[in-house]
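Engineer: What shape does this take:
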Amino acid sequence: MTKFSDDLWHGIDGLLTKILDLPFNRDLASGTLDADRFRFYVMQDSLYLNSYSRALSVASAKSPTTEAMLFFAQSAQVALEVERALHAGFLHQFGVSDADLAAAQKSPACAGYSNFLLATAATGSYEELVAAILPCFWIYWHVGQEIAKISAPDNPYQAWVDTYNAPAFADAVKEAIAITDATAAAASPAERQRMVTAFNLCSVYEWMFWDSAYRQEQWPVTV
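Structural biologist: Numbers count the residues shown, from 1 in each chain. This next block holds a predicted model:
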């Protein structure tokens, strides 16, 4: 019998291929990604991680086990630490000042993804939230692994690749998957279907996030 997570992953096979084939990720692997596009991405990622850490904190508070509570609390801390590291690393490297980041607005894709996670944290079930959180772990690990195989020599973005191909990140992903499987095993069929829906939507948001960074997506109108 396959695990719940296996079914989730196989269900997005086609989307995973599309994610790896995005111009952003192809150029990232070859080291030819335009610096302005990466700068846009890192700024949006910093804004997203602030919201993601809040969703992880709520998951910790809702967790039925001490192990899951600790995992999500530690993951929330790591997300904030990564955000700080972006300030000291890539943001500084690509000329983003604190004032630039303070004035930055979430792109439509970033806002949609962030708001869905926060809305699920506030009004959804623990089961839905666990499933919604998982794609950011799992898909980034997958992309990091795949790009590491073909990353160009002296790739200026190698530090990014190494972050998501690191053994420590792999361990965190595996724990998130295990928690998702345990959560699904105790859930009703209807709740498991809601988990699938949340996982699939957030997987689509992952595609949208990279695509929007390549296009440096802006709001179509402003007030």
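
Engineer: Output the below-cut-off pLDDT ranges for the chain.
Structural biologist: Along the chain, the parts satisfying pLDDT under 70 run over 1, 83, 86-88.

Engineer: Repeat the analysis, applying 80 as the threshold.
Structural biologist: 1, 82-98, 101 (pLDDT under 80).

Engineer: Would you state the helices of it in chain order?
Structural biologist: 4-11, 13-20, 23-30, 35-62, 66-88, 90-93, 98-103, 108-123, 126-150, 158-164, 167-185, 189-215 (DSSP state H).

Engineer: just checking, what packs against the second one?
Structural biologist: Secondary structure elements in contact with helix 13-20, counted by 3 or more C-beta pairs under 8 Å, 6 or more residues apart in numbering; DSSP states H and E, are helix 126-150, helix 189-215. To be clear about C-beta, it is placed using only N, CA and C from the backbone, and glycine gets the same treatment.

Engineer: Just name the most buried of those helices.
Structural biologist: Of these, the one with the most neighbours on average (mean count of other C-beta atoms under 10 Å) is helix 126-150, at a mean of 21.

Engineer: before we move on, back to that, so for residue 222, which of the helices of the chain sits nearest?
Structural biologist: helix 108-123 (12.0 Å; C-beta to C-beta).

Engineer: helices or strands up against that closest one?
Structural biologist: Helix 108-123 packs on helix 35-62, helix 126-150, helix 189-215, going by 3+ C-beta pairs under 8 Å, 6+ apart.

Engineer: Quick check: which of the ones you listed is nearest to residue 108?
Structural biologist: Judging the helices and strands packed on helix 108-123 by C-beta to C-beta, what sits closest to residue 108 is helix 189-215, at 7.0 Å.

Engineer: and that closest one with helix 4-11, angle?
Structural biologist: Counting by axes from the mean of the first three to the mean of the last three C-alpha atoms, to 10 degrees, helix 189-215 lies at 40 degrees to helix 4-11.

Engineer: what separates helix 189-215 from the chain centre, distance-wise?
Structural biologist: 10 Å (C-alpha atoms, centre = their mean, to the nearest Å).

Engineer: Mind putting the helices and strands packed on helix 13-20 into a markdown table with distance to residue 47?
Structural biologist: Converted to a markdown table, the helices and strands packed on helix 13-20 look like this (distance: least, C-beta to C-beta, whole Å):
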| stretch | distance to residue 47 |
| --- | --- |
| helix 126-150 | 14 |
| helix 189-215 | 11 |
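
Engineer: Quick check: which of those helices is nearest to residue 54?
Structural biologist: Across the helices and strands packed on helix 13-20, closest to residue 54 is helix 126-150 (C-beta to C-beta), at 11.2 Å.

Engineer: what packs against the closest one?
Structural biologist: With contacts taken as 3+ C-beta pairs under 8 Å, 6+ apart, helix 126-150 sits against helix 4-11, helix 13-20, helix 23-30, helix 35-62, helix 108-123, helix 158-164, helix 167-185, helix 189-215.

Engineer: residues touching the residue sitting nearest the centre point of the chain, list them.
Structural biologist: Nearest residue to the geometric centre of the chain (C-alpha atoms, centre = their mean): residue 136, 2.7 Å. By C-beta atoms under 8 Å, 6 or more residues apart in numbering, the contact list for residue 136 reads 52, 202, 206.
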